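[1] Build me a structure from this.
(chains A, B and C)
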Amino acid sequence: MPELPEVEVIRRGLERHVIDAEIVDAEVFTSRSVRRHLAGAADFVARVRGRTLVAARRRGKFLWLVLDDDAALLTHLGMSGQVLVQPAGAPDEPHLRIRFRLADGRELRFVDQRTFGSMAISLGGDVIPPELAHIAPDPFEAAYDEDVVVEDLRRRRTNVKRALLDQSLVSGIGNIYADEALWEARLHYARPTETLRRSEAHRVLAATRMVMAAAMSAGGTSFDALYVGVDGQSGYFARELQAYDRVGEPCSRCGSPIRRDRFMNRSSFICPSCQPRPRRPHW
DNA sequence: GCTTGCGCCTGAATGC
DNA sequence: TGCATTCAGGCGCAAG
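    Numbering: from 1, shown residues only, chains lettered A, B, ... in the order given. Predicted structure coming up:
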């Protein structure tokens, strides 16, 4: 599942492989994959044809390739999106949604099994695209100010995991790294945000940075073929996960078996000893 | 204005 | 065996 570290690995791959490449043509096979491009698939193709890719940028889980006319190819991978750079003649993937033919014969491909991802042309240029105005800076941006996020977090009337997943508070965190950061910070997912001490809020935010930085250097987290880099290689951070997808395995801090709870209609993996459920009204 | 819940989607895994 | 159901979860939007 692509979260910030996986998207960053892909961004770096694109920076290495397709910057300065020219798009000579494109084909959209699934119109849903360009649903965020309101002018439609034909307009999408017309706007990339003949353009050269000049930069690869990212905020949170959003990725964009800046074009030489100052528009940008804005991409979100959703649950299963992949951006691949393939040599000429490589067979089409089963879920190939968009193909970009590059001048040197290679192809940039958007492959997406579940079609939660999408591409669009943003006219925003080489800054933050206007479509991303509601997305907060991620923990690796210069614009990120942890003190501001801590205060915002403590003003919320919700629980800490929902807040971490809210891209308008801090971006880039999905279910996997939320669980990992909460495990690291020894906080229960249902902890009310208004009861967080400043030190606890800083602790969990620092943990998101630490965990995602480690995941980036491992090439991201791959559970299956649904997440790969631009060259099709899997990341190997899954073996370093402490809580996520480790039901029944001993917590590396205390030995208690990791448990899986249903929370917010999704899985939450916790150590029941290190991350005890908060008791109301005080703890 | 802020918080919460649902629908979108496909394929693997599970249930009967 | 085969068909039906459940599950995975990021995002945008509607409802509360």
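
[2] got a list of contacts for the helix or strand encompassing residue A:211?
    Taking DSSP states H and E as the criterion, residue A:211 maps to helix A:198-217. With contact meaning C-beta atoms under 8 Å, 6 or more residues apart in numbering, helix A:198-217 is reached by A:3-6, A:8-9, A:139-140, A:146, A:149-150, A:153-154, A:160, A:164, A:170, A:172-173, A:177-178, A:180-182, A:184-185, A:187, A:196, A:221, A:235, A:237, A:240. C-beta: built from backbone N, CA, C; applies to glycine.

[3] Can it be said to contact DNA strand C?
    No - Helix A:198-217 lies apart from DNA strand C when judged by C-beta under 7 Å from any atom of the strand; the minimum separation is 12.8 Å.

[4] list the buried ones in that helix?
    If you call a residue buried by 16 or more other C-beta atoms under 10 Å, then helix A:198-217 has these buried ones: A:200-205, A:207-209, A:211-212, A:215-216.

[5] next one: that helix to chain centre, how far?
    Offset of helix A:198-217 from its chain centre (C-alpha atoms, centre = their mean, to the nearest Å): 15 Å.

[6] Next SSE downstream of it?
    Immediately after helix A:198-217, counting by DSSP H and E, sits strand A:259-263.

[7] What pairs with that next one, parallel or antiparallel?
    strand A:266-270 (antiparallel) (DSSP bridges).

[8] does the strand it pairs with come close to DNA strand B?
    No - shown here: strand A:266-270 not in contact with DNA strand B (C-beta under 7 Å from any atom of the strand), separated by at least 9.5 Å.

[9] Report the mean per-residue pLDDT for that strand.
    Average pLDDT, strand A:266-270: 92.

[10] In it, which residues are buried?
    In terms of neighbour count (16+ other C-beta under 10 Å), strand A:266-270 has its buried residues at A:268-270.

[11] go on, stretch A:66-79?
    Residues of stretch A:66-79 classed as buried by neighbour count (16+ other C-beta under 10 Å): A:66-67, A:71-78.

[12] who are the neighbours in contact with the residue of chain A found nearest DNA strand B?
    When scored by C-beta to the nearest atom of the strand, chain A has residue A:158 as its residue closest to DNA strand B, at 3.4 Å. Taking C-beta under 8 Å, 6+ apart as the criterion, residue A:158 is in contact with A:192-193.

[13] Show me where chain A dips below the pLDDT cut-off.
    For chain A, the stretches with pLDDT under 70 are A:125-126, A:224-226, A:280-283.

[14] Do you have the helices of it handy? List them.
    Ranges of helices in chain A, per DSSP state H, are A:4-17, A:41-48, A:146-155, A:160-165, A:175-185, A:198-217.

[15] With just CA atoms, put the fifth one into PDB.
    Once side chains and other backbone atoms are set aside, the C-alpha atoms of helix A:175-185 remain, and they are given as PDB (Å, rounded to 0.1, in the frame of the first residue of the first chain):
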ATOM      1  CA  ASN A 175      -2.800   2.800   8.100                       C
ATOM      2  CA  ILE A 176       0.600   1.000   8.200                       C
ATOM      3  CA  TYR A 177       2.700   3.900   9.400                       C
ATOM      4  CA  ALA A 178       0.000   5.100  11.800                       C
ATOM      5  CA  ASP A 179       0.100   1.800  13.600                       C
ATOM      6  CA  GLU A 180       3.900   1.700  13.600                       C
ATOM      7  CA  ALA A 181       4.200   5.200  15.000                       C
ATOM      8  CA  LEU A 182       1.600   4.500  17.700                       C
ATOM      9  CA  TRP A 183       3.400   1.300  18.700                       C
ATOM     10  CA  GLU A 184       6.700   3.200  18.800                       C
ATOM     11  CA  ALA A 185       5.100   6.000  20.900                       C
END
